[in-house]
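1. Build the 3D model from these lines:
(one chain, ligands or ions: 1)
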Amino acid sequence: MFVISTNHTMYIIGGTTSKTIAEDLSKLFNVPLAKITSKRFPDDELYVRISDDISGEKVVIVQTTYPDPNIIELFLLQDAVKEADAKEITVIIPYYGYARQDTKFEDGEPISARAIANLISVHADRVITVDPHKEHILDFFTVPAFSCSAVEELAKDLKEKNIDMVLAPDKGAIERAKQASKIIGCDFDHMEKTRINGTTVEIKPKKFQAKGKNVAIIDDIISTGGTMAKSIKELKKYGAKKVFVSCTHGLFADNAIKKLTSAGCDEIIATDTIKSDFSKVKIAPCLSQFFNKMLRNT
Ligand code: R5P
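-> Numbering: from 1, shown residues only. Presented below is the predicted three-dimensional model:
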């Protein structure tokens, strides 16, 4: 349990898109949720106001930076907290949008992950995010930035489903599949994926011992569902009994759900870093554990 110093309490502020996580954290830490008013002006610009007196307090703002309007809301909340003279600002970003443009792939492009990180850093003492697409994006923040992994929470959920094998859809996700398989107590393997463009991927055929097995494919993000759909089809070809897809961040863009179900997916599981009908795994326990560990080490 988080220990509150005698002089200061801590306030949690939940942005619109991360209210549930903020509520969960407020219960886990046993600290109050600050009251926030927000509305839209007639021209659709956003207005926010913090009603509690947070002067001299430690404040944790929780806000996923997706879709775009939530980034603006985060900036406004950070500015309001700064103006209110908070003692310390921790920004928790359950899903850090724009992380995939983490480099200049072609001349003339921005490094979007860095552009957003720079702005978030202006009014933050530290940043915590969950399973960023690549760890190096943490270096784009100009304040200490940390990531925590949802794999334990996802694996605990999968353990209930009699999984025989965990599969990574590409080499980049092997470590995650390996960790999950350890918790579940089953085998793990990986597929060979080549990304052709933003919506098309190629999965190299590979001989899997999948016949009659329940297989879980685990990844950081499901966006268009292309990666998972191709992997599901491969597994079903090899006679898998049930195929579960499990991810930290369920973006489910572009008919992703239809793609997954028509590929033969038996269940779709995501955490609540992005709210959807498939947010079956709560991320707050992982964040609170991480936060406590981090505070013990500082
Ligand atoms: C890529 O390396 C990521 O880990 C995911 O595999 C990717 O973002 C999934 O995208 P999509 O669902 O569009 O195939």
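2. residue contacts, the most centrally placed residue in the chain?
-> Centroid-nearest residue in the chain, with C-alpha atoms, centre = their mean: residue 95, separated by 3.7 Å. Counting by C-beta atoms under 8 Å, 6 or more residues apart in numbering, residue 95 touches 64, 65, 66, 129, 130, 248, 249, 273, 274. Any C-beta I mention is one placed from the backbone N, CA and C, and that applies to glycine too.
3. Apply 10 Å and report the result again.
-> Residue 95 makes contacts with 17-18, 63-66, 70, 129-132, 220-221, 248-251, 271-274, 283, as judged by C-beta atoms under 10 Å, 6 or more residues apart in numbering.
4. so how far is the helix or strand of the chain with the lowest mean pLDDT from its chain's centroid?
-> Least confident helix or strand, the chain: strand 201-204 with a mean of 70, by mean pLDDT, DSSP states H and E. Taking C-alpha atoms, centre = their mean, to the nearest Å, the mean C-alpha location of strand 201-204 is offset from the chain mean by 24 Å.
5. In its sheet, which strands sit next to that strand, and in what direction?
-> Within its sheet, strand 201-204 is paired with strand 192-195 (antiparallel), according to DSSP bridges.
6. Give me the buried positions along the strand it pairs with.
-> residue 193 (16 or more other C-beta atoms under 10 Å).
7. out of the contacts of residue 95, which are inside strands?
-> Counting by DSSP state E, the part of those found in strands is 129, 130, 220, 221, 248, 249, 250, 271.
8. Correct me if wrong: the last one contacts residue 157.
-> Yes: here residue 271 lies in contact with residue 157, judged by C-beta atoms under 10 Å, at a distance of 9.2 Å.
9. State whether the residue nearest to the centre of the chain is indeed within a helix.
-> No: assessed with DSSP: H, G, I helix; E, B strand; the rest coil, residue 95 is coil; it does not lie in a helix.
10. got the end-to-end distance for stretch 217-229?
-> 10 Å (C-alpha to C-alpha, to the nearest Å).
11. so who does residue 250 touch?
-> Applying C-beta under 10 Å, 6+ apart, the residues near residue 250 are 95, 221-223, 225, 256-257, 268-280.
12. picking that back up, need the residues touching each of residue 271 and residue 157.
-> 246, 280, 281, 282.
13. Now flag whichever of those is closest to residue 297.
-> residue 282 (24.0 Å; C-beta to C-beta).
14. who in the stretch 101-250 of the chain is up against the ligand?
-> Selection of the stretch 101-250 of the chain residues close to the ligand by C-beta under 6 Å from any ligand atom yields 169, 172-173, 201, 219-227.
15. Just send those residues back as CSV, with neighbour count and distance to residue 242 too.
-> Output for those, formatted as CSV (neighbours: other C-beta atoms under 10 Å; distance: C-beta to C-beta, whole Å):
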residue, neighbour count, distance to residue 242
169, 27, 17
172, 14, 25
173, 23, 20
201, 20, 23
219, 25, 17
220, 21, 22
221, 21, 22
222, 31, 18
223, 19, 23
224, 19, 23
225, 28, 18
226, 25, 21
227, 23, 19
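16. one step back: quick one: buried residues of the least confident helix or strand of the chain?
-> Applying 16+ other C-beta under 10 Å to strand 201-204 flags 201, 203 as buried.
17. separation between residue 226 and residue 276?
-> Applying C-beta to C-beta, to the nearest Å, the value for residue 226 to residue 276 is 18 Å.
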